[in-house]
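Engineer: Predicted structure and sequence below. I'll ask about it afterward.
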Amino acid sequence: MKRILYLILALSTLVSCHKDIWDKLNDHEARIAKLELLCNQLNTNINSLQALVNAINARDYIKSVTPVMENGTIVGYTIVFNSSNPITIYHGKNGEDGHSPIIGIKQDEDGGYYWTLDGEWILSGGQKVKAEGSGRDGITPQLKIEGEYWWVSYDDGATWSKLGKAVSDWGDSMFKEVWQDEQYVYFVLAYGEEIKIAKGGLHWVYV
């Protein structure tokens with residue numbers, strides 16, 4: 001009888017341990033999926049920032065602004081231009097811990113826009129990195145998550161620099177606010193830089 005009781009106890013422990021392992025594995029997979037989604041959205045924001053600057057230089061204007069919805073909540077906006085390709089920006093939400101890298105842009109004294117990381121100029125060879133144009137004259141930073149840390153590249157993925165630990169929730173967003181008046185749409189970035197683009201026949205699409 002004791003052997004049977006020991007066997008039952010051992011089996012119960014094994015089942016409980018097995019369930020605990022599966023629960024942890026599922027939680028890990030869900031966290032990885034969130035991190036991959038976050039990384040994709042941040043890289044989308046970086047490309048959209050460059051597109052905003054290029055639209056300014058091309059004297060393009062905005063035709064529509066459509067909220068991006070997730071579970072009944074606005075998580076970003078899709079911007080349609082007259083000539084340029086549409087873009088999507090995500091404003092995210094505050095994370096409970098950790099820090100998501102904030103890539104932004106600032107206008108310098110020469111009138112040009114340059115990339116920033118957490119509010120500080122990004123430097124390459126001691127020079128500020130242009131956020132306008134493409135190719136050699138307009139580098140687009142890239143983010144990735146590897147080994148549960150953020151990594152950033154300023155040379156199209158040839159080399160990577162390690163940043164902070166990655167978390168599955170947003171930290172501060174690149175975009176703080178999007179609003180409009182009669183003439184412009186305003187994109188307010190995390191560190192207060194404001195980009196405004198003229199609108200022509202603009203309409204806000206509410207969903």
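Structural biologist: Received it, and whenever you're ready, just let me know what you need.
Engineer: Strands of the chain, residue ranges please.
Structural biologist: Using DSSP state E, the strands of the chain run over 62-70, 73-81, 87-90, 103-107, 113-117, 120-121, 123-124, 127-128, 142-146, 149-153, 161-165, 175-180, 184-189, 194-204.
Engineer: Out of the ones you listed, which is closest to C39?
Structural biologist: Of all those, the one in closest proximity to C39, counting by C-beta to C-beta, is strand 142-146 (5.2 Å). C-beta coordinates here come from the backbone N, C-alpha and C atoms, glycine included.
Engineer: What is that closest one packed up against?
Structural biologist: Judged by 3 or more C-beta pairs under 8 Å, 6 or more residues apart in numbering; DSSP states H and E, the packing partners of strand 142-146 are helix 2-57, strand 149-153.
Engineer: How about the contacts made by the spatially most central residue of the chain?
Structural biologist: In the chain, the residue lying closest to the centroid (C-alpha atoms, centre = their mean) is L42, at 1.7 Å. Each residue near L42 by C-beta atoms under 8 Å, 6 or more residues apart in numbering is listed here: 90, 100-101, 103, 143, 174.
Engineer: Go through those residues and name the one with the lowest pLDDT.
Structural biologist: On pLDDT alone, S100 ranks lowest of those, at 70.
Engineer: Check whether that one really touches W150, as I assumed.
Structural biologist: Yes: counting by C-beta atoms under 8 Å, S100 does reach W150; the two are 7.3 Å apart.
Engineer: who touches both of these two?
Structural biologist: Residues touching both S100 and W150 (C-beta under 8 Å, 6+ apart): A166.
Engineer: Need phi/psi at Q183.
Structural biologist: phi -110, psi -30 (degrees, to the nearest 10).
Engineer: how much space between the closest residue in space to G192 that isn't next to it in sequence and K144?
Structural biologist: Nearest residue to G192 in three dimensions, chain neighbours excluded: K176, at 8.0 Å (C-beta to C-beta, 6 or more residues apart in numbering). From K176 across to K144, the span is 24 Å (C-beta to C-beta, to the nearest Å).
Engineer: mind showing which ranges of this protein have poor pLDDT?
Structural biologist: Regions of the chain meeting the criterion pLDDT under 70 cover residues 1-28, 30-32, 92-99, 133-138, 167-173, 201-207.
Engineer: One more pass at 50, please.
Structural biologist: Across the chain, the ranges flagged by pLDDT under 50 are 94-97, 135-136, 203-207.
Engineer: mind listing what L123 touches?
Structural biologist: Residues near L123 by C-beta under 8 Å, 6+ apart: V129.
Engineer: Looking at the strands of the chain, which is nearest to I56?
Structural biologist: With C-beta to C-beta as the measure, strand 194-204 is the member of the strands of the chain nearest I56 (6.2 Å).
Engineer: Quickly list what Y149 is bridged to.
Structural biologist: Per DSSP bridges, the residues bridged to Y149 are E146, K165.
Engineer: Neighbours of it, how many?
Structural biologist: Close neighbours of Y149, defined as other C-beta atoms under 10 Å, add up to 12.
Engineer: how deep is N40 tucked in, by neighbour count?
Structural biologist: For N40, using other C-beta under 10 Å, the count is 12.
Engineer: now it: how far from N54?
Structural biologist: To N54, N40 is 21 Å away according to C-beta to C-beta.
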